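the sequence isn't on hand, but the structure is:
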């Protein structure tokens, strides 16, 4: 089992968003979470709970392999789960540096040759070579920026779990 969600509930203020959500994901499976948009269905909340950005306030367990994700540090979570958010925060970073940030869970104080090779491979795989020195805050919010976010998640080298919030080609972002 890669992911095991057991009775996860979450409440924002007094509004129940998730109530006793349970499911499992086995190796080789791809799972989609479908529901209405606009804060009604709880899809983003569920992904943020799985990634330990939010902690289920009213109960539940989230296991990645046999580890309860809620008992791990942020850095340990980032070593186990890659996450591509719906929107990428734009900052004054080059595409290459933004992708390199995905290596943070594996780096000490210095950037290694291995880190640079992994980032370079992701840049080539997603065909971002021509954009690698461009600043992400000068890019449109469309497919190029989404590819940068995907590359950043891939260089995290999550061993088993990659969470994609509204991935390209599924939710109207066909330009990626």
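Happy to help now that I have it. Here the structure is a predicted model, which means the values were calculated and not measured.

residue 7 reaches residue 23, doesn't it?
No. Judged on CB atoms under 8 Å, residue 7 makes no contact with residue 23 at a distance of 10.8 Å. Backbone N, C-alpha and C define where each C-beta goes, glycine included.

residues near residue 75, how many?
When counting by other CB atoms under 10 Å, one arrives at 10 neighbours for residue 75.

which residue sits closest to it, ignoring its sequence neighbours?
In space, and not counting its chain neighbours, residue 75 is closest to residue 105: 5.3 Å by CB to CB, 6 or more residues apart in numbering.

confirm that neighbour sits in a strand?
No. Counting by DSSP: H, G, I helix; E, B strand; the rest coil, residue 105 falls outside a strand, being helix.

OK, contacts around it?
75-76, 78-79, 156 (CB atoms under 8 Å, 6 or more residues apart in numbering).

dihedrals phi and psi, the residue most central in space within the chain?
For the chain, the residue nearest the mean C-alpha position is residue 83 (0.6 Å; CA atoms, centre = their mean). Residue 83 has phi and psi values of phi -140, psi 130 when expressed as degrees, to the nearest 10.

switch to numbering from 50
Will do, 50 is the new start, and the previous item becomes residue 132.

now do the buried residues in stretch 132-151.
By neighbour count with 16 or more other CB atoms under 10 Å, stretch 132-151 contains the buried residues 132-134, 137, 142, 144-145, 147-149, 151.

secondary structure and pLDDT for the residues you listed - can I get that in a markdown table?
Listed next are the buried residues of stretch 132-151 as a markdown table, based on DSSP: H, G, I helix; E, B strand; the rest coil; pLDDT from 0 to 100:
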| residue | secondary structure | pLDDT |
| --- | --- | --- |
| 132 | strand | 89 |
| 133 | strand | 88 |
| 134 | coil | 83 |
| 137 | coil | 68 |
| 142 | coil | 91 |
| 144 | helix | 94 |
| 145 | helix | 96 |
| 147 | helix | 94 |
| 148 | helix | 95 |
| 149 | helix | 96 |
| 151 | helix | 93 |
